[in-house]
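>>> okay, predicted coordinates and the sequence, questions at the end:
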Amino acid sequence: MIRNLVSLAVLSIALSAQSATAQHSSDPPARSDGRGFSLGMTLSGSRLSSAVEQGATPTKSGLGLTLRYGVSEKVSAFLRYDYGYQHGQTALGARYTFGDASQRLRPYVEAAASRGVMVDGDRHGVGAGIVAGAGLEYSLNRRVALDAGLSHSAGRFSRMVAPHQDPGSGNGYSSTGLNMGFRLRL
């Protein structure tokens, strides 16, 4: 998975080198500038793995909401909440967007600190981790953009309760997801 994220990041850098003049001259600039507040919503598919489950759970679908504040054309901070069947994650992080605001298609990379929760029958856990991701954002107009990306999170459940296990023991977890959605600039 890390290899895929690195490949996507390299592809993102290569795409960001595209000049604005290479875009269709008949199209007005989309102004994909990310400054200010925006609200995003994503649909996601993810797979959560933990030491308790001895492997990966089936792929789950979920929904995510993101509040983002662009401090510059390229850098933004975000607060994101993702919820999928039996697990949820809150993340606070930053996104770096390549290219300039005149480009409709802009690749990005992002990183965040997260807090995850898993509930599965008589097992439940709470833990902290990190998230890394990369993707593409396509601006339809000045206010609306489509977003598609991959993310990977990893961490450790600090509190885990499961049958035949010490409640105080921690367990590692990881989650990989594909996210597709939109962003509305406020």
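Looks like it came in fine.

>>> okay, and Gly127 sits in which element?
Gly127 belongs to strand 123-139 when assigned by DSSP states H and E.

>>> packing partners for that strand?
helix 2-16, strand 87-97, strand 105-120, strand 144-161, strand 171-185 (3 or more C-beta pairs under 8 Å, 6 or more residues apart in numbering; DSSP states H and E). C-betas here are computed from N, CA, C, even on glycine.

>>> could you give the angle of that strand to strand 171-185?
30 degrees (axes from the mean of the first three to the mean of the last three C-alpha atoms, to 10 degrees).

>>> strand 123-139 pairs with which strands, parallel or anti?
strand 105-120 (antiparallel), strand 144-161 (antiparallel) (DSSP bridges).

>>> and it with strand 87-97, angle?
30 degrees.

>>> now do strand 123-139: distance to the chain's middle.
5 Å (C-alpha atoms, centre = their mean, to the nearest Å).

>>> mean pLDDT added to the strands paired with strand 123-139, as TSV?
Shown next, in TSV, are the strands paired with strand 123-139 (pLDDT from 0 to 100):
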stretch	mean pLDDT
strand 105-120	91
strand 144-161	86
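
>>> so which of those comes closest to Ser44?
strand 144-161 (8.3 Å; C-beta to C-beta).

>>> list the buried residues in the closest one.
145, 147, 149-157, 160-161 (16 or more other C-beta atoms under 10 Å).

>>> same thing with stretch 134-147?
By neighbour count with 16+ other C-beta under 10 Å, stretch 134-147 contains the buried residues Ala134, Gly135, Leu136, Glu137, Tyr138, Ser139, Ala145, Asp147.

>>> Tyr138 touches Arg104, doesn't it?
Yes - Tyr138 lies in contact with Arg104 (C-beta atoms under 8 Å); the separation is 5.8 Å.

>>> in stretch 82-97, which residues are buried?
Under 16+ other C-beta under 10 Å, the buried positions of stretch 82-97 are Asp82, Tyr83, Gly84, Gln86, His87, Gly88, Gln89, Ala91, Gly93, Arg95, Thr97.
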